[in-house]
Structures are given as structure tokens and as C-alpha cells.
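Asker: this is the structure alone, sequence omitted:
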């Protein structure tokens, strides 16, 4: 299977995978078991690439492989190209410079990914100072800046607090701030909203979209939730047992799936039809029209 | 009164916070659940829905108000053995990894349930496993040999085995893959109704709940803010909180519509 080099975009932004990150024929074997059987994936600046799949399909392993955070007995084949270099072949020293600085990561559970005994300021500035060598004062300024960007209320007070003093949604915003403070070019978000309530999730999804657009981040969004995929991802790859069975634009994959597995995943979801239908007023009528227009084109 | 199986009357449950202060987790909740009905209880974390479920099972001290099940009031369990009439309420918990005994076979644990079924020989272990779409030989295996979804189906089989009048699911689908959630929820509804039970289904996921419930109660900060038929709550929610909750559910329409409202 040759991988298509041409991309169609849902958005207007045009960019190539050379500015982002390209995964080619990535195979991962842990012990005797092959977890990934050779996948291709491109992360493009300003775009959110979705990696969908059920638990055990290998989607989290893909994210971890990009930061070389795999277990010790893991063996990799293929390449992950970033800034002209193959991350899989890089010496550990160089990888340490990339990890956290050029490639940031957000995990599912912010209560587990943040250190419970360090202040938010320490967690935001430690890696920033180690990577860039900025002064303590400047690091603090940058921390305040980034907290404003992720819209954590009262940034000055927040810096002095500890993780347990925040709600789950605020913590995930802080975890995102930790990931983007070094101004990375790639952001890996592994189930970033799965632990959150839907109303809180809505806010975090909006934030991720905005950061991607404003900062030109190339985002890899890993989630099993096709609702989240549908709201955020520009392109979607569907992973099943270590193989990408379908890849395409968000609209094509979700509205006109080619692979039976994708179709089964979509059919298994409860339909969202007519939610709040009776509430719909003139202002919200536009999207409905849009849907029927696009369905009509099929 | 006599026609409802479970009846909550102005129920209040309070917790003492460390130091000073009292948290009212359930703040004056009233509803009736009729036989062979499914009530979906929806709300976000911290709204008091799990506390409510635990109170119905006699696991939380009731501060004021009352719970009536099958005509008898439910009193808080202390260290006593669970009275026989309370065994007619069975629960399926969120985490199937924690709710099954890791050291006993699946078959043995389902047998425990069968032993307290009022009508003997109504179910067999193999029959129940078949109902939850597992092979009969699963009975000889241990919980760790199954996936999360399979384990949750075993927990459902175990709850149904004792022939409950009321099946309570406390976030039974929250730890499952999205593609499994609707299926397992549907299975719970079918088994509960086929065995003549009612179901109280607690979840934060309104989109799944509406596919299996007859009525939906929406809870926020300890209060039920909206109670109505699925159709009414889903199509024309009256309470602003319900409206916000509905707007926040991301639709799988492939259009890239961001859920929720712009200002949070």
C-alpha cells in the first residue's frame, strides 16, 4: 500500500508534512507481540490529525513512540521524521531536547500527569528553564502568559497553587499549558477529554482548536470518541489491531466510511438526531441547512 | 403509592466535611419508579447521583425525607446483614475490575446470585452467560481473563441472577469503549425488563441514556432540575442546565462543529 502524498484539506490552510511530522511504515514489537504492523501518518502544522480506535488497537503506543517513551523491551521499525531527522534513530541526548520542547504531550488524566507536590509554577517552568535557559523571572512571565492563553482564571494565584486545588477541567487546561509553554510544533493529545464532563469537555475542545489555529500546531488527537473526533479532527485515521484501515478527511470518514469496521464503529453510537430540536431558533437553523445541502451532494 | 416500586420523598443526604461545614449531596429529591420502567438519572460528576444510588441501597445515612421500596422504608445499613427484602435491589458498578472477586471463578460468582433468587431454577449459569453473549465455558474462568466489556457483562449476569425487582446501574458503561457503551446499556435494559425488574440507570452520558430509558431525571448540584419522558427531555428541555448539557454533546456529523457555547 503506497501512501498518498497529496492531501485534501477541509480548512483553507495549506501546508506540507515536511513542516510537521511524518510517520512511515512504523512497526512496533513489544516482546514477542507485534503491536503496530506498519502505519503511515502525517501531522501537518495548523491541522488536527485524529487517530481513532478501540482500546488495545495501538493508538496510545503510536503517541508514545513519537516521544520514544516505549517500554524497554519494545523494538521499532520504520521512521518518524521531524525537522529532517528520524526520531527513532536519534541519540537519547538529542531526543531529550525534542521531548517537551518541540513535541508536547497531553495525557488523559491530569490528576495523574501533574505532580501532586509541586506548585503549578514549578511544573510550568522547570522544563521551560531546562530547555531554554531563561531566567526565573522571565519563565514566570511566560507561565502567566500561557495560563492566560489556556484561560485559567486568576493566573497569578494559580501559579502558587497545587494540583489538588483545581477541578479536573482546570487541571487539564494546566496540563495543556505545560505541554505548550516551550512553544512546541507538535502536540500529542492522548484522550485529552475522556476524563472530563461533557460541558467541561466542550470548553477544552474549543481551547485545543483555538491553540491549533493560533499557534499553527500540528496536533495528533488520539481518542476512541468519534464525537470528539467529529468536532476537532481535520483528518481521521482509523486504527484497528495495529493497522490503519481507513484514512481521509473528517467528513469522508464519518459520513461516507469505506471500511466496514469504521461503519460498525459509527453505527454502534447512539444517534444524536433531534437533540433540542424544539429549541432550534432562527440563529441555529444555518447548520441544519448546511447538513441537508451536503447530504444532498452525496 | 402502591403502584410505584421505588419512591423517593424529599430525600436529603448530607456529608460532614473535614473541619467545619456540611455538604448536602442530595438536596430534596423526589421521584417514583414504577414496575418494569427504566429511569435514567443523568448529571455531571459531583451532582450527587452516585450518593443517591447508594442511599437507595441503604449504604448512605439519610438525613431527612424517605425512600420506600416495595412499600417498606429503606433504613441505613449498619454492620447488620442486609435484610432479605433489600436483596431485591441489585447494583452494577462502574468498575468491573473492582466489583468482581478476582480469586473466584465467574461461574461461582454467578451461582451466589442464583442462590438468593426467590424462584429456583429460573436461570442457570450457562443460560445467563448466553444471555450476556459469553460462551458457557466462561464459567470456569477467572475475571482477569476477560476484557473490560466482557467483565461488565459478567457483573450484569451476576446481578440479574438473583432475580432483582430493581436493578441499579451506577455509571455501568463509563469505563467501556464508546462503541460498546450503547450495546451494554441496551443489554441491561433488555435483561432487566425480561426478568420483570425496573432499572435505575445512572450515567453522565445523556446520548446513551436516552436510547434505553423511559424517563430521564437530570440532576445538578443535588437537585433534580428536570424530570420527564425521554422524548420531552431530549427534544424540548426546559431547564437551562439540561439545555447546556445537551448542547455540549459532540455530534458525529463530520462537520467539525464545536460543541457547547462559545463563552464558558
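Answerer: Received, thanks. These numbers were taken from a predicted model, which means no experiment stands behind them. Numbering: from 1, shown residues only, chains lettered A, B, ... in the order given.

Asker: so who does residue 224 touch?
Answerer: Let's take chain A. Residue A:224 is in contact with A:52, A:53, A:54, A:55, A:59, A:191, A:194, B:177, B:178, B:179, counting by CB atoms under 8 Å, 6 or more residues apart in numbering or on different chains. Every C-beta, even on glycine, is put in place using the N, C-alpha and C of the backbone.

Asker: ah, I was thinking of chain B
Answerer: By CB under 8 Å, 6+ apart, the contact set of residue B:224 is B:29, B:30, B:31, B:217, B:218.

Asker: and it, how far is that from residue A:242?
Answerer: 46 Å (CB to CB, to the nearest Å).

Asker: same check on residue A:32?
Answerer: Using CB to CB, residue A:32 is found at 14 Å from residue A:242.

Asker: so between these two, which is more surrounded?
Answerer: Comparing residue A:32 with residue A:242 by other CB atoms under 10 Å in any protein chain shown, the one with more neighbours is residue A:242, at 22 against 6.

Asker: in chain B, what residue comes closest to chain A?
Answerer: Nearest residue of chain B to chain A: residue B:260, at 2.6 Å (CB to the nearest CB).

Asker: ramachandran angles for residue 47?
Answerer: Since you didn't name a chain, this refers to chain A. Backbone torsions of residue A:47, given as degrees, to the nearest 10, read phi -120, psi 150.

Asker: you answered for a different chain; I wanted chain B.
Answerer: Taking degrees, to the nearest 10 as the convention, residue B:47 sits at phi -80, psi -10.

Asker: likewise the one 3 residues further on?
Answerer: Recorded main-chain torsions at residue B:50 are phi -70, psi -40, according to degrees, to the nearest 10.

Asker: what does residue B:183 give?
Answerer: The phi/psi pair for residue B:183 (degrees, to the nearest 10) is phi -70, psi -50.

Asker: quick one: average pLDDT of stretch B:99-111?
Answerer: For stretch B:99-111, the mean per-residue pLDDT is 94.

Asker: gap between that stretch and the chain center?
Answerer: Stretch B:99-111 has its C-alpha centroid displaced from the chain centroid by 21 Å (CA atoms, centre = their mean, to the nearest Å).

Asker: just the strands from the stretch 51-200 of chain A, written as ranges.
Answerer: For the stretch 51-200 of chain A, the strands defined by DSSP state E, counting those that start in this stretch cover A:74-82, A:85-86, A:103-106, A:186-190.

Asker: near chain A, which residues of the stretch 151-264 of chain B show up?
Answerer: Residues of the stretch 151-264 of chain B found near chain A (CB under 8 Å from any CB of the partner chain) are B:177-183, B:204-208, B:210-211, B:234-237, B:243-262, B:264.

Asker: cutoff 6 Å now
Answerer: B:177-179, B:182, B:207-208, B:211, B:235-236, B:244, B:246, B:248-254, B:258-260, B:264 (CB under 6 Å from any CB of the partner chain).

Asker: do me a favour and get the end-to-end distance for stretch A:63-78?
Answerer: 15 Å (CA to CA, to the nearest Å).

Asker: next one: the worst-scoring helix or strand of chain B on mean pLDDT to chain centre, how far?
Answerer: Least confident helix or strand of chain B, by mean pLDDT, DSSP states H and E, is helix B:96-99 with a mean of 86. Chain-centre distance of helix B:96-99: 15 Å, with CA atoms, centre = their mean.

Asker: buried residues in the following helix or strand past it?
Answerer: Per DSSP states H and E, the first helix or strand lying C-terminal to helix B:96-99 is helix B:106-115. Buried residues in helix B:106-115, counted by 16 or more other CB atoms under 10 Å in any protein chain shown: B:106, B:107, B:109, B:110, B:111, B:113, B:114.

Asker: same check, this time on stretch B:64-84
Answerer: B:65, B:67, B:68, B:69, B:70, B:74.

Asker: what would these look like in CSV with secondary structure, pLDDT and distance to chain A?
Answerer: Output for these, formatted as CSV (DSSP: H, G, I helix; E, B strand; the rest coil; pLDDT from 0 to 100; distance: CB to the nearest CB, whole Å):
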residue, secondary structure, pLDDT, distance to chain A
B:65, strand, 93, 27
B:67, strand, 94, 27
B:68, strand, 94, 31
B:69, strand, 94, 30
B:70, coil, 91, 32
B:74, coil, 88, 29
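
Asker: returning to what we had before: from the contacts of residue B:224, which ones fall inside strands?
Answerer: The members of the contacts of residue B:224 that map onto strands under DSSP state E are B:29, B:30, B:31, B:217, B:218.

Asker: show the buried residues in the residues you listed.
Answerer: Neighbour counting over the ones in strands among the contacts of residue B:224 (16+ other CB under 10 Å) leaves B:29, B:31, B:217, B:218 as the buried ones.

Asker: quick revisit: which two among the ones in strands among the contacts of residue B:224 are spaced furthest apart?
Answerer: The distance between the two most remote of these (CB to CB) is 14.3 Å, for B:30 and B:218.

Asker: the lengthiest helix in chain A vs strand A:186-190, what angle?
Answerer: Ordering each helix of chain A by length in residues (DSSP state H) puts helix A:198-215 first. With axes from the mean of the first three to the mean of the last three CA atoms, to 10 degrees defining the directions, helix A:198-215 sits at 170 degrees from strand A:186-190.

Asker: and helix A:198-215, anywhere near chain B?
Answerer: Yes - judged by CB under 6 Å from any CB, helix A:198-215 and chain B are in contact via A:198, A:199, A:202, A:203, A:205, A:206.

Asker: so which of those is the closest to residue A:118?
Answerer: Nearest to residue A:118 out of those is residue A:203 (CB to CB; 24.9 Å).

Asker: burial of the closest one, as a residue count?
Answerer: Residue A:203 has 25 neighbouring residues, counting by other CB under 10 Å.

Asker: circling back: list the buried residues in the least confident helix or strand of chain B.
Answerer: For helix B:96-99, by 16+ other CB under 10 Å, it's B:96, B:99.

Asker: please enumerate residues in contact with it?
Answerer: Outside helix B:96-99, the residues that touch it by CB atoms under 6 Å, 6 or more residues apart in numbering or on different chains are B:93, B:151, B:152, B:155.

Asker: farthest-apart pair in those residues, please.
Answerer: For the contacts of helix B:96-99, with distances taken as CB to CB, the pair at the greatest spread is B:93 and B:151 (11.0 Å).

Asker: residues contacting the residue of the stretch 151-298 of chain A found nearest chain B?
Answerer: Per CB to the nearest CB, residue A:202 is where the stretch 151-298 of chain A lies closest to chain B, at 2.6 Å. By CB under 6 Å, 6+ apart, residue A:202 lies in contact with B:248, B:259, B:260.

Asker: how about residue A:199?
Answerer: Taking CB under 6 Å, 6+ apart as the test, what residue A:199 contacts is B:244, B:248.

Asker: how does it look with 7 Å?
Answerer: Neighbour list for residue A:199: B:44, B:244, B:245, B:248, B:260 [criterion: CB atoms under 7 Å, 6 or more residues apart in numbering or on different chains].

Asker: can I get those residues in JSON lines including distance to residue A:82, neighbour count and secondary structure?
Answerer: Compiled in JSON lines, these are given as follows (distance: CB to CB, whole Å; neighbours: other CB atoms under 10 Å in any protein chain shown; DSSP: H, G, I helix; E, B strand; the rest coil):
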{"residue": "B:44", "distance to residue A:82": "39", "neighbour count": "19", "secondary structure": "coil"}
{"residue": "B:244", "distance to residue A:82": "40", "neighbour count": "17", "secondary structure": "helix"}
{"residue": "B:245", "distance to residue A:82": "40", "neighbour count": "27", "secondary structure": "helix"}
{"residue": "B:248", "distance to residue A:82": "35", "neighbour count": "21", "secondary structure": "coil"}
{"residue": "B:260", "distance to residue A:82": "33", "neighbour count": "22", "secondary structure": "coil"}
